[in-house]
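1. need a 3D model of the following:
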Amino acid sequence: MSRATSITIVQVTEYADFLALRDDWNRLSAERSVFLRHEWFDAAWQWRRGENATRLAMLCIHDKTDLIGVLPLLRRSEQPGGMPRRVLEFLTVPDNQLCDMVAADGKEATVADALASELAARRGEWDMLRLAYLPEHSLAQRELVPALERHGIAATVEEWSGNSFVYLEAAWQDYYASRSRSLK
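-> I've put the predicted structure just below:
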């Protein structure tokens, strides 16, 4: 079987199907960030699932039976200026520090090309693709954006200020004890 025919893409829209991905997903994301682990996206979905007209729309890339990539998306509708717009966006919450596509080591370009191809094929189902919380050297910026452009989807990368955080060089108790009463 050729490499091209061994790649399959599945859009996950049901929560039970998303839950079934946990172990394979975490094998892909284990070393990268807690914000890319399955459990983080599960918690984010629990927070977001009650929003009106919001559904899971995750794209999963398999090579034969192995999960090699995930684009953790949701689908929602918005109406800026009264004009309805169908949006695919990362499944995030305000507490996210980052988000990205998830891909097996060495398969990043293959995953990005498969995702871009699938997004292009589904172009009639969405009006905007919003990938927020991307770190500066993310896989999506490095691999997915150029793949989208090769598949005829215009992409713009804009700077995002990110969420504030406190870098702790010592234990939390030491940091907290050093803060003024008004700051606590």
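2. against Glu125, how distant is Ser33?
-> Distance, Ser33 to Glu125, using CB to CB, to the nearest Å: 29 Å. (Each C-beta comes from the backbone N, C-alpha and C, glycine too.)
3. comparing the two, which residue is more hemmed in?
-> Ser33 (15 against 12; other CB atoms under 10 Å).
4. identify the residue spatially nearest to that one, adjacent ones excluded.
-> Leu98 (6.2 Å; CB to CB, 6 or more residues apart in numbering).
5. over to Met58?
-> Going by CB to CB, 6+ apart, Met58 has Val12 as its nearest residue, at 4.2 Å.
6. over to Leu115?
-> Leu71 (5.2 Å).
7. tell me which stretches of the chain form helices.
-> Under the criterion DSSP state H, helices of the chain are mapped to 3-6, 15-19, 22-29, 38-48, 108-121, 139, 145-150, 172-177.
8. any low-confidence regions in the chain?
-> 1-5, 159-169, 183-184 (pLDDT under 70).
9. pick out the residue nearest the middle of it.
-> By CA atoms, centre = their mean, the chain has its centre lying nearest to Pro72, at 3.8 Å.
10. how far away is that residue from Ala114?
-> In terms of CB to CB, Pro72 sits 15 Å off from Ala114.
11. ditto for Arg49
-> Arg49 is 27 Å from Ala114, by CB to CB.
12. neighbour-wise, which of the two wins?
-> Ala114 (24 against 13).
13. all set, thanks.
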